[in-house]
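>>> model this:
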Amino acid sequence: MENWTVDRVSQWLNKNGFEKCIPRFKDENIDGEALMKVNDDQLENLLSVLNQDGIAKKPTQRTKRIFKAELE
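As a prediction, the model looks like this:
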């Protein structure tokens, strides 16, 4: 995972149900190395998605737990 490109991280996000987060990960240039170093604050920012009104919706604790579990 550490050697993954940004595109490979995007594929992983899509496979694991985080497809709405792909643009944010790409904008932040998150590759495998960066993904492995993401802290909780960064993760919350990366997993936030815009609702229909353009307001960022923060991820739930459950979503963050699922994401972290998929990393292992």
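
>>> kindly state the pLDDT recorded for I55?
With respect to pLDDT, I55 scores 86.

>>> where does it fall, phi/psi-wise?
For I55, the backbone dihedrals (degrees, to the nearest 10) come out as phi -100, psi 130.

>>> count of neighbours near it?
If you count neighbours by other C-beta atoms under 10 Å, I55 ends up with 9. In short, each C-beta sits where N, CA and C put it, glycine included.

>>> what sits against G17?
Residues counted as contacts of G17 (C-beta atoms under 8 Å, 6 or more residues apart in numbering): none.

>>> helix, strand or coil for it?
Following DSSP: H, G, I helix; E, B strand; the rest coil, the label given to G17 is coil.

>>> how much space separates it from F67?
9 Å (C-beta to C-beta, to the nearest Å).

>>> so what does the helix or strand of the chain with the lowest mean pLDDT touch, helix or strand wise?
In the chain, no helix or strand scores lower on mean pLDDT, DSSP states H and E than strand 49-50, which sits at a mean of 82. Of the remaining helices and strands, those touching strand 49-50 by 3 or more C-beta pairs under 8 Å, 6 or more residues apart in numbering; DSSP states H and E are strand 56-57.

>>> tell me who's in contact with the nearest residue in space to A56 that is not next to it in sequence.
Nearest residue to A56, sequence neighbours excluded (C-beta to C-beta, 6 or more residues apart in numbering): S48, at 4.5 Å. Neighbour list for S48: 24, 56-59 [criterion: C-beta under 8 Å, 6+ apart].
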